[in-house]
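S.K.: coords please:
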Amino acid sequence: MGIAKAAGESGCVLLEKDRLFNVLLAHELFHAVEEQHADEIYTRTEKVELWRKPFSNRSSIACLSEMAAMAFAGELLGLDCSPYMLDVLLVYAYDKEAAWGLYEEIGELIC
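M.R.: This next block holds a predicted model:
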């Protein structure tokens, strides 16, 4: 199913061509700013300690960047619905059951 058809059938405004383009552009804009400020931006500097001494390992949290980029896009564009719903589409392409589970989970968090 194409995006235009999905947008029409679902009524999801995030799937409208111009809106989708703007969300993705805003998302990538965040990553560009993040890259320029990698030494000081929280998404790159925050670390969690995975093991305690003597085998201490501090690791970054990879998903912070993606979460922040989607939140940035939502705020910048003043979206009425969560841009995280686009994640459902990405998962749906390879696992329909997991996508529906993600959809329901997101719905519970934002509704």
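
S.K.: The closest residue to T45 other than its chain neighbours - how many residues pack around it?
M.R.: Among residues not flanking T45 along the chain, D39 sits closest, at 7.3 Å (Cβ to Cβ, 6 or more residues apart in numbering). Any C-beta I mention is one placed from the backbone N, CA and C, and that applies to glycine too. Applying other Cβ atoms under 10 Å, we find 7 residues neighbouring D39.

S.K.: how would you label D39: helix, strand or coil?
M.R.: Here D39 is recorded as coil under DSSP: H, G, I helix; E, B strand; the rest coil.

S.K.: for this protein, what are the low-confidence residue spans?
M.R.: Applying pLDDT under 70 to the chain flags residues 1-12, 110-111.

S.K.: Please identify which helix or strand holds the residue lying farthest from the centre of it.
M.R.: For the chain, the largest distance from the centre (Cα atoms, centre = their mean) belongs to P54, which lies 35.5 Å off. Per DSSP states H and E: P54 is located in neither a helix nor a strand.

S.K.: please begin residue numbering at 4 from this point
M.R.: Taking 4 as the first residue, the last one we looked at is P57.

S.K.: show me what contacts it?
M.R.: The contact partners of P57, by Cβ atoms under 8 Å, 6 or more residues apart in numbering, come to none.

S.K.: Quick check: the gap between it and E38.
M.R.: Relative to E38, P57 is positioned 34 Å away (Cβ to Cβ, to the nearest Å).
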